[in-house]
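Undergrad: How does the following fold in three dimensions:
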Amino acid sequence: MIRINFITPEEAVNIRKIVLRKNIELPSEFKGDHDQDTFHLGLFYIEQLVCVVSFMKNNHPDLKGNQYQLRGMATLEEFQKKGLGKLLIEHSEKILQERNAGLVWCNARVKALNFYKKQGFLIYGKQFEIPLIGGHYVMYKPIL
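TA: Just a heads-up that it's a prediction; the model follows:
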């Protein structure tokens with residue numbers, strides 16, 4: 001019923017566009033989506049792709065260690081608050097361990113803070129604004 005697989009950048013972009021760029025004129029494709037070290041995961045519910053996340057080899061200048069940046073975490077609205085994002089994060093942490101990542105970080109939207117906190121992420125620094133999108137915090141999590 002639920003499966004998690006590697007997906008293409010294009011599949012990730014399609015869900016990002018629906019969830020993260022709804023009514024916002026910004027690109028849904030990110031610089032680095034096609035880099036060799038980048039990977040994209042998708043959670044499928046009864047063969048429908050409903051949740052995506054991308055990880056890019058990118059170090060935050062203030063954090064230490066071998067790092068990946070989490071980008072474009074998005075779950076279709078009708079599937080939110082059902083624990084699917086948590087499953088996707090848990091699965092991704094195993095892959096990050098295999099890739100010797102010591103830390104994962106992200107720019108988390110204010111409205112997603114509680115989700116990331118529940119997954120063990122910590123806030124670093126002060127809130128900042130991304131134009132057209134809103135308030136964000138840098139959040140990070142050591143990969144053990």
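
Undergrad: Let me know the secondary structure of Lys64.
TA: The local conformation at Lys64, judged by DSSP: H, G, I helix; E, B strand; the rest coil, is coil.

Undergrad: Ramachandran coordinates for it?
TA: In this entry, Lys64 is assigned phi and psi values of phi -110, psi 160 (degrees, to the nearest 10).

Undergrad: try Trp105
TA: Taking degrees, to the nearest 10, you get phi -140, psi 160 for the backbone angles of Trp105.

Undergrad: Touching, it and Leu63? I think so.
TA: Yes - applying Cβ atoms under 8 Å, one finds Trp105 in contact with Leu63, separated by 6.0 Å. In this view, the C-beta of every residue, glycine as well, is placed from N, C-alpha and C.

Undergrad: Now do the shared contacts for these two.
TA: Jointly contacting Trp105 and Leu63 under the rule Cβ atoms under 8 Å, 6 or more residues apart in numbering are 124, 140.

Undergrad: More neighbours: which of the two?
TA: In this comparison of Trp105 against Leu63, neighbours counted by other Cβ atoms under 10 Å, the higher total goes to Trp105 at 21 against 15.

Undergrad: Could you count how many residues lie near the spatially closest residue to that one that is not a sequence neighbour?
TA: If you skip the residues right next to it in sequence, Trp105 has Tyr140 as its closest partner in space, 4.0 Å away by Cβ to Cβ, 6 or more residues apart in numbering. Tyr140 has 22 neighbours, counted by other Cβ under 10 Å.
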